[in-house]
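1. pasted the sequence and its predicted model underneath.
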Amino acid sequence: MEEQIQQAINNVQAIGNLHECMTSPALTRLTSITVDVLSAVLSERCVWKQDERDSWETECGSSFYLTDGTLSDNGMSYCCFCGKRIEEKEE
Ligand SMILES: [Zn+2]
């Protein structure tokens, strides 16, 4: 997923780097916004704190109950509430 997002950033940046005679101010602005959004998707995290044995509290204000195993055991990489990448914080 991250690799695909980085590839998309590279592709959009290539469009943004076209000579002005091959593009328009609107397209340049659009590529700039797209790169900003995709870069935020790559870098932003939602911290999940394990408050009880199987219960997780999310940075974005929700909670999640996991019946068996850890987040990674269950293939959970992204927050199901806000969509950011999960950063686990066990206490
Ligand atoms: Zn979240």
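-> Looks like it came in fine.
2. please spell out which residue in this protein sits farthest from the middle.
-> Cys21 (33.8 Å; C-alpha atoms, centre = their mean).
3. any stretches of the chain with poor pLDDT?
-> 91 (pLDDT under 70).
4. and it, what are its domains?
-> Annotated domains of the chain cover 2-43, 45-90 [automatic domain parsing].
5. burial check on Ile86, number of neighbours?
-> 21 (other C-beta atoms under 10 Å). In short, each C-beta sits where N, CA and C put it, glycine included.
6. check contacts around it.
-> 45-48, 71, 76-79 (C-beta atoms under 8 Å, 6 or more residues apart in numbering).
7. any idea how far the ion is from it?
-> According to C-beta to the ion, to the nearest Å, Ile86 stands 8 Å off from the ion.
8. pull out the buried residues from the helix or strand where that residue lies.
-> Per DSSP states H and E: Ile86 is located in strand 85-90. Within strand 85-90, the residues scored as buried using 16 or more other C-beta atoms under 10 Å are Ile86.
9. show the contacting residues for Glu44.
-> 84-85.
10. now with 7 Å?
-> Taking C-beta atoms under 7 Å, 6 or more residues apart in numbering, we find Glu44 in contact with Lys84.
11. can you tell me the centre-most residue of this protein?
-> Val41 (3.2 Å).
12. are we agreed that that one is in a helix?
-> Yes - with DSSP: H, G, I helix; E, B strand; the rest coil as the criterion, Val41 is located in a helix.
13. without its sequence neighbours, what residue ends up closest to it?
-> Ile5 (5.9 Å; C-beta to C-beta, 6 or more residues apart in numbering).
14. what number of residues are in the vicinity of that neighbour?
-> The burial count for Ile5: 13, using other C-beta under 10 Å.
15. so which strand or helix has it?
-> helix 2-16.
16. with Val37 instead?
-> helix 25-43.
17. which residues of the protein lie near the ion?
-> 46, 58, 60, 79, 81-82 (C-beta under 5 Å from the ion).
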